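# Output the structure for:
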Amino acid sequence: LKSFFRKLPEPLIPTGLYDEFIDANRCPDEDKRKLKLKRLLHLLPPHHHDTFKHMAEHLNKVASYGHINKMDAKNLAIMFGPTLVRKKGDDTVSLVTDMSDQCRIVESIILHR
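The predicted structure is shown next:
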């Protein structure tokens, strides 16, 4: 599944919205951060939005068995975050500086889908 999303020509979070998602995630007020992320999800192209919605539901279900499979929402976000929320190309600097944001965005979406 991760390989499939990694090979897509455009990430699930389109590169045109990448910076907005990162900025929203850095909002210090937790409630405002969640609201901003939710609004941004509705700006996704329909097929991206639908795919992300189903992916989040699936990952939430996997996380619900975290006590058995050791893959809670945080671990799943670490695994899928940099794949689902990424810039095009291999910008090593943003890869390193944005990784915690990428993971936190995906973790929030898994938990609050």
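# which residues sit in contact with the nearest residue to Ser108 once chain neighbours are set aside?
Once flanking residues are discounted, Ser108 sits nearest to Leu37: 5.9 Å by Cβ to Cβ, 6 or more residues apart in numbering. Using the backbone N, CA and C atoms, a C-beta is placed for each residue, glycine as well. By Cβ atoms under 8 Å, 6 or more residues apart in numbering, the residues touching Leu37 are Phe21, Ala24, Asn25, Ile105, Ser108, Ile109.
# Can you report how many residues neighbour the fourth one?
Residues within reach of Ile105, counting by other Cβ atoms under 10 Å, total 24.
# which helices and strands does the helix or strand harbouring it pack with?
Secondary structure from DSSP states H and E places Ile105 in helix 92-112. Judged by 3 or more Cβ pairs under 8 Å, 6 or more residues apart in numbering; DSSP states H and E, the packing partners of helix 92-112 are helix 15-25, helix 30-41, helix 46-63, helix 73-84.
# quick revisit: most neighbours among the contacts of Leu37, which one is it?
Ile109 (26 neighbours).
# how about the nearest residue to that one, chain neighbours excluded?
Spatially, and ignoring its direct neighbours in sequence, Ile109 is nearest to Ala56 (4.9 Å; Cβ to Cβ, 6+ apart).
# What distance do you get for the one you found to Ile68?
Ala56 sits 20 Å away from Ile68, going by Cβ to Cβ, to the nearest Å.
# more crowded one of the two?
Neighbours were counted for Ala56 and for Ile68 using other Cβ under 10 Å; Ala56 has more, 22 against 7.
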